[in-house]
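*Asks:* From the sequence below, what's the structure:
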Amino acid sequence: MKRNKYKRYGAKTKGVLAVVEALTLSLILTIPSFAAIDVGAITKPIDVIKTVLIAVVVGIGTIVLILGVVDLVTSWGDHNTGGLKTAAFKIAAGGLLVGISTLLALMGY
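*Replies:* Below you'll find the predicted structure:
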């Protein structure tokens, strides 16, 4: 007859013991691997794509910022309040797009 080794414990204790056993086995059976892989060779294409995408976003942001300034000047001369509001939004959006590269640089990307 097979005996359950957790027979005397409650349901919660059985769950805790099962987790502890699983963690213990995972620590004991861990096999270290000493792979000689150059991580830079693997991540270089991703870094190139990231740099290109950031450059494209900054370029688009610069164009939107310049268009916003042009719209602001023309709307100011025409006393167009709707155009002023739109131009302000364009300037803000362009500034955010241009500032993304600085923000990512500060974050370490």
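*Asks:* which residues in this protein form helices?
*Replies:* 11-28, 39-78, 81-107 (DSSP state H).
*Asks:* I figured I100 was touching I54, is that so?
*Replies:* Yes: counting by CB atoms under 8 Å, I100 touches I54, with 7.0 Å between them. Every C-beta, even on glycine, is put in place using the N, C-alpha and C of the backbone.
*Asks:* neighbours around I28, how many?
*Replies:* Close neighbours of I28, defined as other CB atoms under 10 Å, add up to 7.
*Asks:* I37 now?
*Replies:* Neighbour count of I37, defined by other CB under 10 Å: 7.
*Asks:* confidence score at it?
*Replies:* We have a pLDDT of 74 for I37.
*Asks:* Relative to W76, how far out is I49?
*Replies:* Counting by CB to CB, to the nearest Å, the separation of I49 from W76 is 40 Å.
*Asks:* same check, this time on T24
*Replies:* 72 Å.
*Asks:* and if you look at G68?
*Replies:* The value you get for G68 to W76, if CB to CB is used, is 12 Å.
*Asks:* same check, this time on I66
*Replies:* 16 Å.
*Asks:* quick one, domains of this protein?
*Replies:* Residue ranges for the domains of the chain, per automatic domain parsing: 1-31, 37-107.
*Asks:* and G68 and W76? which has more neighbours close in?
*Replies:* Per other CB under 10 Å, whichever of G68 and W76 has more neighbours is G68, with 20 against 12.
*Asks:* Apart from its chain neighbours, what residue comes closest to the more buried one?
*Replies:* K90 (3.0 Å; CB to CB, 6 or more residues apart in numbering).
*Asks:* Please work out which helix or strand belonging to the protein has the smallest mean pLDDT.
*Replies:* For the chain, scoring each helix and strand by mean pLDDT, DSSP states H and E identifies helix 11-28 as the least confident one, at a mean of 80.
*Asks:* Would you mind writing the CA trace of that one as PDB?
*Replies:* The C-alpha trace of helix 11-28 is given here as PDB (Å, rounded to 0.1, in the frame of the first residue of the first chain):
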ATOM      1  CA  ALA A  11      -4.600  21.700   2.000                       C
ATOM      2  CA  LYS A  12      -2.700  25.000   2.200                       C
ATOM      3  CA  THR A  13       0.300  23.400   3.800                       C
ATOM      4  CA  LYS A  14       0.400  20.800   1.000                       C
ATOM      5  CA  GLY A  15       0.400  23.600  -1.600                       C
ATOM      6  CA  VAL A  16       3.200  25.400   0.200                       C
ATOM      7  CA  LEU A  17       5.300  22.200   0.500                       C
ATOM      8  CA  ALA A  18       4.800  21.400  -3.200                       C
ATOM      9  CA  VAL A  19       6.000  24.900  -4.200                       C
ATOM     10  CA  VAL A  20       9.000  24.600  -1.800                       C
ATOM     11  CA  GLU A  21       9.900  21.200  -3.300                       C
ATOM     12  CA  ALA A  22       9.600  22.500  -6.900                       C
ATOM     13  CA  LEU A  23      11.900  25.500  -6.100                       C
ATOM     14  CA  THR A  24      14.400  23.200  -4.300                       C
ATOM     15  CA  LEU A  25      14.500  20.800  -7.300                       C
ATOM     16  CA  SER A  26      14.900  23.700  -9.700                       C
ATOM     17  CA  LEU A  27      17.900  25.000  -7.700                       C
ATOM     18  CA  ILE A  28      19.500  21.600  -7.400                       C
END
